[in-house]
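Novice: any chance you could fold what I've pasted below:
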Amino acid sequence: MTDVQLHITDSGGEGRPVVLIHGWPLSAESWQPQRRALTAAGFRVVDYDRRGFGQSDKPEDGYDYDTFADDLESVLRSLDLVDVTLVGFSMGGGEVARYVARHGESRIRSVVFAASVTPFMHTTDDNPDGPLGDDLYGQLRGGLVEDRAAFFEEFVRGFYSVDGDVRVGDGDLKAAVDMCMQSSQTAAVAAMDAWATTDFRDDLAKVTVLTLVIHGSGDATVPFEGSGARTHAAIAHSELVVVDDAPHGLTTSHADEFDAALLRFVQDEAPGVDA
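Specialist: Predicted structure coming up:
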């Protein structure tokens, strides 16, 4: 169990647990629309800030997916959660995949890969369909290292844009940048390296529980064809929902459509929970 203190939000109650795992470089506060929708539907909603982000501890190391998966296991164990639906957004999808591969599915009922970085972002000789080439990766990393405030402003706009058109309001943009700025620079850079270069193909092969893959068709940050489509193909039994004209940050920009798909999935496979 990790000795890093993670900031956890738990709605409590008797409902079946849904654990929300946030994307880079945000915090669990990015899940507010989903917290409301799931709690109103009777689920117990748990989310947490990844180490180095939000209000969690910010150690100098541990920003690899084995450690992230162990942190997730510590959350589930600390709250004694079973029969769980894991929902991983963006880099959080990597935690879901690595958790299953590393810790098994004994606590897990179902999983959701939302705009996920799986199966493997980095373009390599044996992964030619990876959507993140060396040049783009170098530009992103260099921008973050050189001027993180300016980088986050630009990154967040792209996060919520389709073809240059921002799909959220100024308040949402500011809130996202504020979340980004809560991260430590060590965590931001190292976690970028993790989601950009970690290969989850073998991890996805171990997923046997009910699975939803949901992605925006206009995602320019983690393009659907190189990620969501391939994740769906890698998990033969998975269900796929593509939200039309939605950017990467569809949990905010298209919250109603995202929440409807998520609720239908967790309710359909959870008898006794009313809509």
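
Novice: which stretches of the stretch 101-250 of the chain form helices?
Specialist: Assigned by DSSP state H, counting those that start in this stretch, the stretch 101-250 of the chain shows helices spanning 134-146, 148-159, 170-181, 185-197, 201-204, 228-234, 250-253.

Novice: how is the nearest residue to A28 once chain neighbours are set aside assigned, secondary-structure-wise?
Specialist: Spatially, and ignoring its direct neighbours in sequence, A28 is nearest to D47 (4.0 Å; CB to CB, 6 or more residues apart in numbering). From N, CA and C alone the C-beta is placed, and that goes for glycine too. Applying DSSP: H, G, I helix; E, B strand; the rest coil to D47 yields a three-state assignment of strand.

Novice: any weak-confidence spans in this structure?
Specialist: 1-2, 269-275 (pLDDT under 70).

Novice: tell me which residue is most central in it.
Specialist: F89 (1.9 Å; CA atoms, centre = their mean).

Novice: that residue touches V19, doesn't it?
Specialist: No. Judged on CB atoms under 8 Å, F89 makes no contact with V19 at a distance of 11.7 Å.

Novice: what about F258, how many residues nearby?
Specialist: Neighbour count of F258, defined by other CB atoms under 10 Å: 24.

Novice: need the residues that contact stretch 180-192.
Specialist: By CB atoms under 8 Å, 6 or more residues apart in numbering, the residues outside stretch 180-192 that reach it are 24-27, 50-55, 58, 60-61, 63-64, 91, 140-141, 144-145, 148-149, 152, 155-156.

Novice: just name the most buried of the helices of the stretch 101-250 of the chain.
Specialist: Mean neighbours per residue, mean count of other CB atoms under 10 Å, is largest over the helices of the stretch 101-250 of the chain for helix 250-253, with a mean of 25.

Novice: helix or strand right after that helix?
Specialist: Tracing the chain past helix 250-253, the next element assigned as helix or strand by DSSP states H and E is helix 255-268.

Novice: what's that next one in contact with?
Specialist: For helix 255-268, the surrounding residues in contact (CB under 8 Å, 6+ apart) are 16, 18, 33-34, 37-38, 41, 43, 85, 87, 110, 112, 114, 210, 212, 214, 239, 241, 243, 246, 250-251, 273-275.

Novice: of these, buried ones?
Specialist: Those of the contacts of helix 255-268 that meet the buried threshold are 16, 18, 34, 37-38, 41, 43, 85, 87, 110, 112, 114, 210, 212, 214, 239, 241, 243, 246, 250-251, by 16 or more other CB atoms under 10 Å.

Novice: so what's W31 up against?
Specialist: 20, 22, 47, 89, 251.

Novice: thought the second one was touching R50?
Specialist: Yes. H22 is within contact range of R50, at 6.6 Å (criterion: CB under 8 Å).

Novice: picking up where we left off before, Throw the contacts of W31 into TSV and include distance to T124, thanks.
Specialist: Formatted as TSV, the contacts of W31 follow (distance: CB to CB, whole Å):
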residue	distance to T124
L20	30
H22	27
D47	32
F89	24
T251	29
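
Novice: what's the farthest-apart pair in those?
Specialist: Greatest spacing in the contacts of W31, by CB to CB: D47 and T251 (11.7 Å).

Novice: overlap in contacts of H22 and R50?
Specialist: Here H22 and R50 share the contacting residues G92, scored by CB under 8 Å, 6+ apart.

Novice: residues contacting L86?
Specialist: Applying CB under 8 Å, 6+ apart, the residues contacting L86 are 19, 21, 72, 95-96, 99, 108, 110-112.

Novice: 10 Å instead, please
Specialist: Counting by CB atoms under 10 Å, 6 or more residues apart in numbering, L86 makes contact with 17-21, 72, 76, 92-93, 95-97, 99-100, 105, 107-113, 209.

Novice: and the gap between it and K58?
Specialist: Between L86 and K58 the computed distance is 24 Å (CB to CB, to the nearest Å).

Novice: assign G42 to helix, strand or coil.
Specialist: Once three-state DSSP is applied, G42 turns out coil.

Novice: so it makes contact with R16?
Specialist: Yes. The pair G42 / R16 is scored as a contact, 8.3 Å apart, by CB atoms under 10 Å.

Novice: so the host helix or strand of S74 versus helix 185-197, what angle?
Specialist: Assigned by DSSP H and E, S74 belongs to helix 65-78. Inter-element angle recorded for helix 65-78 and helix 185-197: 110 degrees (by axes from the mean of the first three to the mean of the last three CA atoms, to 10 degrees).
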